[in-house]
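A.B. asks: take a look and give me a structure for this.
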Amino acid sequence: MGARPRRALASLATRVSTRILVFAKAPVAGRVKTRLIPLLGAEAAARLARRMLCSTLRTARATGLTVELCGEPDARTWGPLSLGVRLSAQGDGDLGERLARAARRTIEGGETALLIGGDCPTLDAAHLRAAAAALDTHDAVLHPAADGGYVLLGLRRFDGRLFEDMPWSSDRVAALTIQRIAASGWSVDLRETLRDIDEPSDIDSLPLAMRPHLRDCRSL
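C.D. replies: Numbering: from 1, shown residues only. Presented below is the predicted three-dimensional model:
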């Protein structure tokens, strides 16, 4: 992309707002963070999920950007956990279909989209602001996860192929997403790799402030 188109893209982006879309399951014991249950037990795994989600929502709100909690089931039924953010249901389909639907709705509504989960405590407000700013000069921005997925995908344009036939929960998700972005001819800002909390081996990277919530767990 030449200098003049890039300047035009940046100028346009300054007039576009960004929406942070937080995708999360309701923190119900036995239904969330199931890969942590053998280590922590169902109740402690759910408490951890709730604590991480609350932290994520507070962090997202601290950016000053619009924040929407896309819940499964419908976040509008979650009560006080919503912490004053906008609420929506993820809807039907696999993860790719649900992510695509939210991204498309946001972008077609005139905003750029930051798609994140609720389980990466090291994703802070500075990361989110920087990702939003990256969309001033790039079509996409991505924070890979240490396990091969991603903890953040930001888009200023929509292409459903980024979400179709994706081997979710595998170590190929980030690499395939980057390949598909390149195949679309888009620019991407590839940012710092962060670690989300999915597996027992991830617990060692959990911030100390969150560990008291695991006091009833089985093996720590």
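
A.B. asks: going by C-alpha atoms from here, please, whenever you check contacts or count neighbours.
C.D. replies: Fine.

A.B. asks: list the contacts of residue 76.
C.D. replies: For residue 76, the contact set (C-alpha atoms under 8 Å, 6 or more residues apart in numbering) comprises 87-89.

A.B. asks: and of those residues, the nearest to residue 206?
C.D. replies: For the contacts of residue 76, the residue nearest residue 206 by C-alpha to C-alpha is residue 87; the value is 26.9 Å.

A.B. asks: count of residues packed around that closest one?
C.D. replies: Per other C-alpha atoms under 10 Å, the neighbour tally for residue 87 reads 19.

A.B. asks: does it sit in a helix, a strand or a coil?
C.D. replies: Following DSSP: H, G, I helix; E, B strand; the rest coil, residue 87 is assigned to strand.

A.B. asks: for it, give its distance to residue 179.
C.D. replies: Distance, residue 87 to residue 179, using C-alpha to C-alpha, to the nearest Å: 32 Å.

A.B. asks: and what of residue 102?
C.D. replies: On the measure of C-alpha to C-alpha, residue 102 and residue 179 end up 22 Å apart.

A.B. asks: okay, the two: which has more neighbours?
C.D. replies: Ranked by neighbour count (other C-alpha under 10 Å), residue 102 and residue 179 place residue 102 first, with 21 against 12.

A.B. asks: any stretches of the protein with poor pLDDT?
C.D. replies: 1-15, 79-83, 212-220 (pLDDT under 70).

A.B. asks: mind listing the helices for it?
C.D. replies: 3-13, 37-40, 42-62, 95-108, 125-134, 173-183 (DSSP state H).
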